[in-house]
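Asker: quick check, what structure comes out for this input:
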Amino acid sequence: MSEIDSETYKSVTTRPSGPRPRPPLSTMNKRNRKSPEKHVQSKSKVDYKETDAYKKARKNRSDDDETFDSESNSSNNRSSNSSNSELKSRIKINQKNSTADQGAKKRKNGSPAESFENHKSEWKKYINHTVVRWCVKLTISIFILMCVFGGWYIIVFNNPFSEKSITQFEEDIDHIKKKFPMQMPDIWNDFSAGVKTIIEETSKRPAVFVLLANNTNTLDCLSTSIGNVISRSLGGKECLILGPKNFISSSGDMLEWLRPKIEQKKVVVVNDILKISSDAIGSFHWLCDDTNPLVSRAVYLITMTINVLHMHHDNLTKLVEEHIYNTFSKAIHFDILHAAVSRITSGAILSIISEPNLIEGAECP
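Answerer: All right, here's what the predicted structure looks like:
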């Protein structure tokens, strides 16, 4: 092969490295052109000799181009097919999501008639819930009002002691004042206050009065007269009078023996407490207890005879405590005695003045 033919063969058969060169502008679509000037293809052409080697080389090149184009087309087809399949799958997924969203919206919103029915049913539920709630509140309020008015009715109308009892008691006290003119006016006020407390209050606490005097006849006569008046005011007939002989012990049998008598009489007069048995002094713990007494709302008039020199003591409560401790401390435990003393002295302590017309042996007016 000649030198020119070999060079021509190499130039024709050898493909340049790198990307394929851009096609000439003349082959491009005129609509894609951006510049208005006309691109004229160069008329310079290389004249190759139509030799057998040239024809063979050109044929081989055309075969290579066809092979390359077929491979590129097949790869492009595969990539386009894969991209198309992915795109189709995405479109299907989006369509499913859109249909699901539309179905949810339809279920949520629905047609105007369905939305109206849903709103109507929700409104009915709200109304029913509100009505039930207000009915419950109204029922609770009515129940509370019934309890309040029921308690008020029981206190006012079911109370065994009424204003008439207080009025009757005050009239009887005025009558007793005339029989005992030497007494201080304060003692009558104390009696009235104690009885009104029993009549008006609903607590179980009893009323305790300790009467001090150096004249036994005046003391016994006054305590019995006051006891009968208070008993009638509380619904009884006369007071229950107990002396040292009646208090034998503080056992449960004795307290159970006293319970029905106190409930019937309402008022108990205990004469000369310093002379009762030391075994019985502990019973006053249960008789005069504030929180859990033997009989609720009872009245106790406890008398104590002392020396005339002690009548003007500044602290009558301390005077009563000293006399009880000095009398019973050697025969009874301190804790038991202290509990009884604290309850005996929890009420009013009154100093009774001797009446000249009530000497020893004289009858009560």
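
Asker: the stretch 151-300 of the chain: helices as residue ranges?
Answerer: 163-179, 185-200, 216-233, 252-265, 284-287 (DSSP state H, counting those that start in this stretch).

Asker: tell me, which of those is the model least confident about?
Answerer: Confidence, taken as mean pLDDT, is least for helix 163-179 of the helices of the stretch 151-300 of the chain (a mean of 83).

Asker: between helix 216-233 and it, find me the angle.
Answerer: Computed by axes from the mean of the first three to the mean of the last three CA atoms, to 10 degrees, the angle separating helix 163-179 from helix 216-233 equals 160 degrees.

Asker: buried set for helix 163-179?
Answerer: Buried residues in helix 163-179, counted by 16 or more other CB atoms under 10 Å: Ser165, Ile166, Phe169, Glu170, Asp172, Ile173, Ile176. Backbone N, C-alpha and C define where each C-beta goes, glycine included.

Asker: now the residues you listed as TSV including distance to Ala280?
Answerer: Listed next are the buried residues of helix 163-179 as TSV, based on distance: CB to CB, whole Å:
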residue	distance to Ala280
Ser165	32
Ile166	34
Phe169	31
Glu170	35
Asp172	31
Ile173	31
Ile176	30
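
Asker: just the residues you listed now: which is nearest Leu211?
Answerer: Closest to Leu211 out of the buried residues of helix 163-179 is Ile176 (13.6 Å), distances taken as CB to CB.

Asker: how far away is that closest one from Met304?
Answerer: 20 Å (CB to CB, to the nearest Å).

Asker: ditto for Asp314
Answerer: 17 Å.

Asker: now do Ile336
Answerer: Counting by CB to CB, the gap from Ile336 to Met304 is 19 Å.

Asker: and these two? Which one has more around it.
Answerer: Met304 (23 against 15; other CB atoms under 10 Å).

Asker: so that one: helix, strand or coil?
Answerer: Recorded secondary structure, Met304: strand (DSSP: H, G, I helix; E, B strand; the rest coil).

Asker: that one against Thr216, yeah?
Answerer: No: the criterion here is CB atoms under 8 Å, and Met304 misses it with Thr216 at 10.5 Å.

Asker: what is in contact with those two at once?
Answerer: The overlap between the contact sets of Met304 and Thr216 (CB atoms under 8 Å, 6 or more residues apart in numbering) consists of Asp272.

Asker: noted, bye for now.
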